[in-house]
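**Student:** Quick one: sequence plus predicted model below, questions after.
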Amino acid sequence: MRWRSLLCVSCLLFVLSACEQANNSEGSGEESSQTTSSNAVTFRINGIEKSIYDNDNEGDVNATLAQLTTRIDYAIFRSGSKIAKGSQTNDATNYGTISAEIDDGAVIVVIIAHNGLGKATINSAEEVKFASNKTTDTFYALLETNVTKGGTYNLTVKRAVAMYRLVVTDALPSNLAQMKFYYTGGSSTFNPTTGYGCVNSRQTELRDVAESQIGTTYNAFSIFTFPHQETDELKIKITALNAGGATIIERTFDGITVKRNVITQQVCAFFSTGETYGDTTSPTDGSSFSFITNADWSLIDHAY
């Protein structure tokens, strides 16, 4: 009888151990961008629409997604609920290939590739927020489809942002440490469903000035925004700051046209315009406009 009792206890312990292992295998709920299951659905970015700025030195038409962006964040929705999410950084060998365990049926897949310092928060297919509300060069894909386990879906990402670029033609002064850009008219929150910005943002960006730039001319400073529509307008206040944060000179430019996948470039002698503190300048009929259409980005040139 004793050996039978011992046998029963041993069997019971074995069953409990097996159950515990099965429960642990369900996962911790942490974000994941890959799964090894043969039933995984795979989404692969195999194309980049509009991959460079213009035909000068902004990029290579053959640039890869890993060269253009530093991270990918994605989320998958079904009936308004988020059923999967994950992130990748561009040092991953599988960057741009996403696998997820999801049941068959209708889903909306949102993929955001960008250069932000932190993860993008994909709240829904209509709202994506970025760390510290900072907008960087950003690409996106949105797919509405009925998935099948084991299926692979190829996607092309599109650029979502507009760029404003200030080219300072006069020499940078010796006490210059930073250029501060405060701008309104664009958005720091993105709607993947429409492809446009979805809030009225007050955006601020700081650009450090390297010691090697002091005294040199034709220095460029770039900022990004999500336009609310195909063509939008920004009001930009630009402040030159010294190392202590004090203002050297400040100028405001109004009515700056921006467009998705287009650089709006303003060329001006920022420091050599006489008494310009608080000056407000708008584009005039004498401004020059040029479009580069034989590259993936177009360029609008404003000369003052």
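**Tutor:** Okay, I see it.
**Student:** beta partners of residue 89?
**Tutor:** Legend: beta-bridge partners of residue 89 under DSSP bridges are residue 71.
**Student:** Which residues are in contact with it?
**Tutor:** Each residue near residue 89 by Cβ atoms under 8 Å, 6 or more residues apart in numbering is listed here: 70, 71, 95. Glycine gets a C-beta too; all of them are placed from N, C-alpha and C.
**Student:** can you redo those residues as JSON lines with distance to residue 263 and neighbour count?
**Tutor:** Shown next, in JSON lines, are those (distance: Cβ to Cβ, whole Å; neighbours: other Cβ atoms under 10 Å):
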{"residue": "70", "distance to residue 263": "20", "neighbour count": "18"}
{"residue": "71", "distance to residue 263": "23", "neighbour count": "21"}
{"residue": "95", "distance to residue 263": "26", "neighbour count": "20"}
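**Student:** Between these, which sits nearest residue 169?
**Tutor:** residue 70 (31.1 Å; Cβ to Cβ).
**Student:** Hmm, that closest one is touching residue 114, no?
**Tutor:** Yes: assessed by Cβ atoms under 8 Å, residue 70 is found in contact with residue 114 at 7.5 Å.
**Student:** circling back: which one of the contacts of residue 89 sits closest to residue 256?
**Tutor:** residue 70 (27.3 Å).
**Student:** Name the next helix or strand following the helix or strand residue 235 falls within along the chain.
**Tutor:** Using DSSP states H and E, residue 235 sits in strand 231-241. Moving toward the C-terminus from strand 231-241, the next helix or strand (DSSP H and E) is strand 247-259.
**Student:** Which positions in that next one come out as buried?
**Tutor:** Buried positions in strand 247-259, judged by neighbour count with 16 or more other Cβ atoms under 10 Å: 248, 249, 250, 251, 252, 253, 256, 257, 258, 259.
**Student:** Please state the offset of stretch 238-254 from the chain centre?
**Tutor:** 27 Å (Cα atoms, centre = their mean, to the nearest Å).
**Student:** so where do the helices sit in this structure?
**Tutor:** 2-24, 65-68 (DSSP state H).
**Student:** ok, of those, where does mean pLDDT dip lowest?
**Tutor:** Within those, confidence is poorest for helix 2-24, with a mean of 42 (mean pLDDT).
**Student:** Poorly predicted segments of the chain, please.
**Tutor:** 1-39, 50-62, 273-304 (pLDDT under 70).
**Student:** count of neighbours near the closest residue in space to residue 143 that isn't next to it in sequence?
**Tutor:** Spatial nearest neighbour of residue 143, chain neighbours left out: residue 109 (4.3 Å); criterion: Cβ to Cβ, 6 or more residues apart in numbering. By other Cβ atoms under 10 Å, 24 other residues sit near residue 109.
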